[in-house]
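> Pasting the sequence and the predicted model now:
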Amino acid sequence: MKIMSSYFSVGSGWMIPITRALESWNIELSDVMRECDVRQEDFVDQESRLSAEKTVLIMDFCNTFANRHDFSIAIAQAFHPGMFHALGYAMMSSDTLLDAFSRIARYKRVVSNTCTLKLETRGENMHFLMDVIAYDDSGRAVLSHDCIFSFLGTITQFARETLKSDYSPLAVHLNWPKPNYDTQFLNDYFQCEIFFDSDEISLVYDEETLSKQLIGRNPLLTQSHEKLLDEYLSRLDRTDVEQLVRNRIYEMLPLGTPSQSEIASHLGMSLRNLQRRLHEKNTCFRDILEHTRRKLALEYILQSHLSFNEIGYLVGFSNIGNFNRAFKRWTGVTPGVYRKQQRSVFKAAQ
């Protein structure tokens, strides 16, 4: 099936760093909007979307206008958490960099639907992998090389601002030949070796640094932002039954464990239809419920003002014994031991 180009988009929040980069390059926003057919309504609020093709046009226009090649890096350097909707703030309040990277991989549709993201452990290193979608009719990648530079640079800038250091990845891998222009600006920015003609697009990090706890960690804030993100994704793609089920579970857990029949009824579909649609997504209700409970429990356990009884109640367990058994199945230790371990880790990181 031929996919229409307007289908691919990025969050309008990208206009925040783009506008800042334009100011630093002395380029008028009005000129960019006119030349690239960008309208005010394309970015009037955080839930607007900007077509991927217009993003490509903006970068091409600015590089050509200034006779340079590094506008993508100017965007990355102008990072602002608001560019990722509530996701940016959820990342800033994450427990570790690894936690933040996992969060952006999970919620990447908030940022863009032009690629897939995943984390892969290889030895002592972690690869943050980006797989860009191609148009069905031409096979051309939806994102230009400059757009990819900008995204990888933004992730790097986020890491630096969160760690309050000049921390850089171990390497950057790009799966196309080295351009015929000077790419020293990439080495200068990433401060690591750039591998062109690689088998993948990725940032490589050492797992030890990714696992260090962040000073700005705040589980309560992260949880609040994730609720906003889940609601936004439901509005963004109402056909994503897995996301719809997860949202309903979030809402109903404090009242007890919801049944699959109850969830189906709330979503206005039959039990059989819900089961079929989840099967098509290679998942099932039980797995979504288990994952949701585990995720919430691990977030609540870091909030010292909550008792274990309260946490068990919030994730749908009727008694503390059932919660303790489930928690030990998830982590290998009891809630009390896990909370002590996390306190020790945090003190060591300070």
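Great, that's in hand. Small disclaimer: the values here were computed from a predicted structure and weren't measured. Residues are numbered from 1 along each chain as shown.
> so where's this structure shaky on pLDDT?
Within the chain, the stretches with pLDDT under 70 are 1-7, 41-47, 137, 236-239, 345-350.
> how about the strands in this protein?
Ranges of strands in the chain, per DSSP state E, are 9-11, 49-51, 115-122, 125-132, 171-173, 193-195, 201-206.
> And those: which comes nearest residue 67?
Of all these, it is strand 193-195 that lies closest to residue 67, at 22.2 Å by C-beta to C-beta. Where C-beta positions appear, they are placed from N, C-alpha and C, glycine not excepted.
> Indicate each strand paired with the closest one and its parallel or antiparallel sense.
strand 171-173 (parallel) (DSSP bridges).
> Pick the most buried one from the strands of the chain.
strand 9-11 (a mean of 23; mean count of other C-beta atoms under 10 Å).
> Report all helices and strands that that strand contacts.
strand 49-51, helix 52-66, helix 108-111 (3 or more C-beta pairs under 8 Å, 6 or more residues apart in numbering; DSSP states H and E).
> Can you tell me the centre-most residue of the protein?
With distances taken as C-alpha atoms, centre = their mean, the residue of the chain nearest its centroid is residue 104 (1.3 Å).
> so it makes contact with residue 87?
Yes - using C-beta atoms under 8 Å as the test, residue 104 is close enough to residue 87 to be in contact (6.5 Å).
> right, and residue 162 touches residue 214 too?
Yes - using C-beta under 8 Å, residue 162 is in contact with residue 214, at 5.7 Å.
> Can you work out which residues contact both of those two?
97, 100 (C-beta atoms under 8 Å, 6 or more residues apart in numbering).
> tell me how far stretch 325-343 is from the chain's mean position?
Centroid separation for stretch 325-343 versus its chain: 26 Å, with C-alpha atoms, centre = their mean, to the nearest Å.
> ok, now how distant is the residue nearest to residue 65 when sequence neighbours are not counted from residue 71?
In space, and not counting its chain neighbours, residue 65 is closest to residue 27: 6.0 Å by C-beta to C-beta, 6 or more residues apart in numbering. According to C-beta to C-beta, to the nearest Å, residue 27 and residue 71 sit 9 Å apart.
> Pick out whichever of the two has more residues nearby.
Between residue 27 and residue 71, counted using other C-beta atoms under 10 Å, the more crowded position is residue 71 (26 against 18).
> Pull the number of nearby residues for the residue nearest to residue 19 when sequence neighbours are not counted.
Closest residue to residue 19 apart from its sequence neighbours, by C-beta to C-beta, 6+ apart: residue 29 at 6.0 Å. As a burial measure, residue 29 scores 13 neighbours (other C-beta under 10 Å).
> What of residue 83?
24.
> Equivalent analysis for the one 10 residues further on, please.
Neighbourhood size, residue 93 [other C-beta under 10 Å]: 21.
> related to what we said a few turns ago, out of the helices and strands packed on strand 9-11, nearest to residue 278?
Judging the helices and strands packed on strand 9-11 by C-beta to C-beta, what sits closest to residue 278 is helix 108-111, at 18.5 Å.
> chain center to that closest one, what's the gap?
Offset of helix 108-111 from its chain centre (C-alpha atoms, centre = their mean): 6 Å.
> Contacts made by it with the rest, please.
By C-beta under 8 Å, 6+ apart, helix 108-111 touches 10-11, 84-87, 104, 115-117, 229, 232-233, 236-237.
> Enumerate every residue touching the residue lying closest to residue 264 once chain neighbours are set aside.
Computed as C-beta to C-beta, 6+ apart, the closest residue to residue 264 that is not its neighbour in sequence is residue 274, at 4.2 Å. Counting by C-beta under 8 Å, 6+ apart, residue 274 touches 241, 245, 260, 263-264, 267, 285.
> Please apply the same query to residue 310.
Contacts of residue 310 (C-beta under 8 Å, 6+ apart): residue 300.
> measure it to residue 284 for me?
29 Å.
> Over to residue 265?
To residue 284, residue 265 is 18 Å away according to C-beta to C-beta.
> same question, residue 30
Distance from residue 30 to residue 284, by C-beta to C-beta: 52 Å.
> same question, residue 251
Counting by C-beta to C-beta, the gap from residue 251 to residue 284 is 20 Å.
> these two touch, right, residue 74 and residue 23?
No - look at residue 74 against residue 23 with C-beta under 8 Å: they stay out of range, at 9.8 Å.
> which of those two has more neighbours?
A count of neighbours by other C-beta under 10 Å puts residue 74 above the other of residue 74 and residue 23, at 26 against 13.
> Could you find the closest non-adjacent residue to the more buried one?
residue 21 is the one closest to residue 74 (C-beta to C-beta, 6+ apart), at 3.8 Å.
> Next, the contact list for the one you found, please.
62, 71, 74-75, 77-78.
> what residues do residue 27 and residue 71 have in common as contacts?
residue 62.
> Tell me who's in contact with the nearest residue to residue 98 once chain neighbours are set aside.
With sequence-adjacent residues excluded and distances taken as C-beta to C-beta, 6+ apart, residue 98 is closest to residue 210, at 4.0 Å. By C-beta under 8 Å, 6+ apart, the residues touching residue 210 are 96-98, 101, 126.
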